[in-house]
Every structure is written in structure tokens, then in C-alpha cells.
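Asks: Predicted model and sequence follow; I will ask about them next.
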Amino acid sequence: MLENNTMTGSMDKAQILVDSLPYIRDFNQKIIVICFGASNILNDEEEQEVMRDIALLKSIGMRPIVVHDTRMGYDKFRENKRLAKLIEFCGIKSVGICGMDTQTIRMTLDNDYIPVITPNDIDTEDVIITPQEASRVVAEAIGAEKVIFLGKEDGVHDLETDEIISQMTYSEVKKIRESLIDPKMLLKTKEALTMLDSGIPRVHIINAKIRHAILLELFSVIGIGTMIMSDDAPYYMHEIRYKQRL
Ligand code: ARG
């Protein structure tokens with residue numbers, strides 16, 4: 001994509017950076033687990049774009065962790081390495097990790113790498129461990145701020161209007177689950193509730209097909225998918241300020 005290097009273009013960019021400051025501040029040093037369950041639906045270019053967005057998060061002070069699934073018929077350990085390389089193409093250090101060893105993950109974070117994790121280790125090679133499950137284990141052990149489900153679903157839909165519900169609390173999800181029929185959503189919401197049960201304050205369900213989905217979700221108050229929060233999760237300053245202005 002060509003950069004807009006005109007004077008108005010530069011001015012727009014400056015404004016966007018300034019507008020991002022409250023978000024950058026709120027997310028500074030925060031550990032964000034991205035559960036990347038979209039390898040089967042993204043083409044190479046889209047995948048590179050997602051990895052670039054993740055590299056961007058790191059450059060502005062967050063500590064992202066990627067946990068990924070594996071494309072049908074591909075070797076998980078090779079995929080792991082490949083995704084880490086895509087991040088390195090963007091000039092950010094990244095390392096592929098097999099399995100959910102907290103100490104190794106902690107060490108890579110402390111050394112400014114983005115860990116890219118495949119749930120299986122050599123000794124658990126044939127065990128089925130979903131990226132969701134692995135994300136939960138990692139997020140809980142490492143004290144993550146949030147987990148982002150970046151996958152095929154664009155959020156929880158309202159049963160009557162079919163619109164995406166932007167924000168829900170733990171109890172609201174519990175209530176709505178009784179009337180959910182879509183098996184995919186039943187599973188996703190169950191996974192989200194289990195995450196919150198393990199003490200992770202927020203889970204986001206967003207669609208990987210939407211360009212810059214992660215950025216749209218994090219750097220706005222309304223987001224792009226469904227955010228599920230524990231009943232007592234604190235709000236960010238950027239959210240509080242936004243509400244005060246309304
Ligand atoms: N930017 C905030 C966050 O990352 C709020 C996102 C809101 N998202 C939503 N789907 N309502 O936590």
C-alpha cells in the first residue's frame with residue numbers, strides 16, 4: 001500500500017497517533033493472548049497482515065502472545081516456525097515455542113520476543129489440544145490481561161435482530177446460552193466463560209477476515225466483535241473518559 005505523504009496525509013497520521021495515546025497508555029506492558037484460529041481461512045497476504053498488526057502491538061508497548069492452530073494437512077511445528085518468521089519480517093523478535101511451558105514463555109517475553117505457541121510439544125504430539133484450551137492455560141499461568149479469539153466467528157449474535165452483541169458480562173452470557181442453538185456459538189461462549197472462570201478479565205471474539213480486526217477491537221471503545229467481561233472487570237481509562245464525554 002502506498003503511503004500518503006502529502007501534508008494533509010501527515011497531519012492525519014499525526015492526529016491518529018495522538019488519538020491512540022490513551023489506548024497505548026492503558027495497554028502498556030499488558031500481556032495479550034491472541035488465539036489465532038484462522039489459518040484455514042486466511043490467504044498468505046491476510047496472514048502476513050495479521051502478523052504485522054501483532055508486531056505493531058509489540059512496538060507500541062504491549063506484550064502479545066500468539067497461540068495458533070495448524071492448517072489442515074500441515075506440520076504443526078513447521079507452521080509454528082513459519083508464523084514466528086512472519087512476525088520477524090516486520091522487524092520484531094519472535095520465537096516459535098512448542099507446548100505450554102510457562103517458564104519458557106515468561107523468558108521470551110522478558111527478552112522482548114513475541115512467543116508464537118503451538119499447543120503440542122514433541123511428547124504430546126498426538127494429543128488433541130485446541131488453541132483455545134492452550135490459550136486459557138497460558139493466559140492464566142502468565143496473568144494475561146485478555147484473550148482475543150481471532151477466528152471465523154464475528155461475535156455473539158442477538159437472537160432476535162441477528163446483530164452482533166458488542167459487549168456482554170459473564171452473567172449475561174450465562175443467561176443467553178440457554179437459548180443459543182448454533183453449536184459453534186455454544187462452544188465459543190463456553191470457552192469464553194471458562195476463560196473468565198480462570199480469572200482472565202476479558203475475552204474478545206473477533207473475525208479474522210476483517211482487515212485489522214485486532215486493532216479495531218483494541219483501539220476503539222465499541223470494538224468490532226463481542227467482548228465478554230467478568231462481572232467485576234475494571235474499565236480502562238479510555239473507556240471511562242469516553243463515557244464521561246457522552
Ligand atoms: N478497547 C477496549 C478493549 O480492548 C474495548 C473493546 C470493546 N469491544 C467490544 N466489542 N465492545 O478492551
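Replies: Great, that's in hand.
Asks: Quick check, the residue in this protein closest to the ligand?
Replies: Residue of the chain nearest the ligand, by Cβ to the nearest ligand atom: residue 223 (2.2 Å). Placement of C-beta: from N, CA and C, glycine included.
Asks: what about the closest residue to that residue other than its chain neighbours, how many neighbours?
Replies: Distances taken as Cβ to Cβ, 6 or more residues apart in numbering put residue 217 closest to residue 223, at 4.6 Å, once the chain neighbours are dropped. Neighbour count for residue 217, taken as other Cβ atoms under 10 Å: 23.
Asks: Sticking with residue 86, tell me its helix or strand.
Replies: Assigned by DSSP states H and E, residue 86 belongs to helix 76-88.
Asks: Surely the residue nearest to residue 223 is within a strand?
Replies: No: assessed with DSSP: H, G, I helix; E, B strand; the rest coil, residue 217 is helix; it does not lie in a strand.
Asks: Who are the contact partners of it?
Replies: By Cβ atoms under 8 Å, 6 or more residues apart in numbering, the contact set of residue 217 is 148, 204, 206, 223, 224, 225, 227.
Asks: could I get those residues as a markdown table with secondary structure and neighbour count?
Replies: Listed next are the contacts of residue 217 as a markdown table, based on DSSP: H, G, I helix; E, B strand; the rest coil; neighbours: other Cβ atoms under 10 Å:
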| residue | secondary structure | neighbour count |
| --- | --- | --- |
| 148 | strand | 25 |
| 204 | strand | 26 |
| 206 | strand | 26 |
| 223 | coil | 19 |
| 224 | coil | 22 |
| 225 | coil | 24 |
| 227 | strand | 24 |
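Asks: how close does residue 226 get to residue 79?
Replies: According to Cβ to Cβ, to the nearest Å, residue 226 stands 27 Å off from residue 79.
Asks: typo on my end, it should be residue 180
Replies: In this view, residue 180 and residue 79 are 31 Å apart by Cβ to Cβ.
Asks: Check residue 31 too.
Replies: Taking Cβ to Cβ, one finds residue 31 at 23 Å from residue 79.
Asks: How about residue 231?
Replies: From residue 231 to residue 79 the distance is 37 Å (Cβ to Cβ).
Asks: Looking at these two now, which is surrounded by more residues?
Replies: Just comparing residue 231 and residue 79: by other Cβ under 10 Å the higher neighbour count belongs to residue 79, 18 against 10.
Asks: near the ligand, which residues of the chain?
Replies: 166, 167, 202, 217, 218, 220, 221, 222, 223, 225, 226, 227 (Cβ under 6 Å from any ligand atom).
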